[in-house]
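J.: here are the coordinates; sequence isn't available:
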């Protein structure tokens, strides 16, 4: 049963990955600006790429910071386990 579940997950993952198409998600002004600057040799494209990476990393850093604060606030400290000293008889 576990092998079947892994096989199904693998097939679903393969279908999702194979169905991805490249996206041209820039506005027309940005794409023409990048194209002309890339052909002329200007360094504006590096700044645009750095800005995209900055905007991409910001949500991940925010979620990571919130997760870290949540972990620090709600983890249990000095929890005592009240276990019996008697031996357990299974028969």
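T.: That came through, no problem. Just so it is clear, the structure is predicted and the values come from calculations on it, not from any experiment.

J.: now do residue 50 against residue 80, distance only.
T.: Taking CB to CB, to the nearest Å as the measure, residue 50 falls 52 Å from residue 80. The C-beta positions use only the backbone N, C-alpha and C, and glycine is treated the same way.

J.: so for residue 86, what's the pLDDT?
T.: Looking at residue 86, its pLDDT stands at 77.

J.: tell me the contacts of it?
T.: Contact analysis of residue 86 by CB atoms under 8 Å, 6 or more residues apart in numbering lists nothing.

J.: how deep is residue 59 tucked in, by neighbour count?
T.: Look at residue 59: counted by other CB atoms under 10 Å, it has 9 neighbours.

J.: ok, residue 50 and residue 80, which is more surrounded?
T.: More crowded of residue 50 and residue 80, by other CB under 10 Å: residue 50, with 10 against 5.

J.: show me what the longest helix along the chain is packed up against.
T.: In the chain, with assignment by DSSP state H, the single longest helix is helix 44-74. Contact here means 3 or more CB pairs under 8 Å, 6 or more residues apart in numbering; DSSP states H and E; on that basis helix 44-74 packs against helix 28-40.
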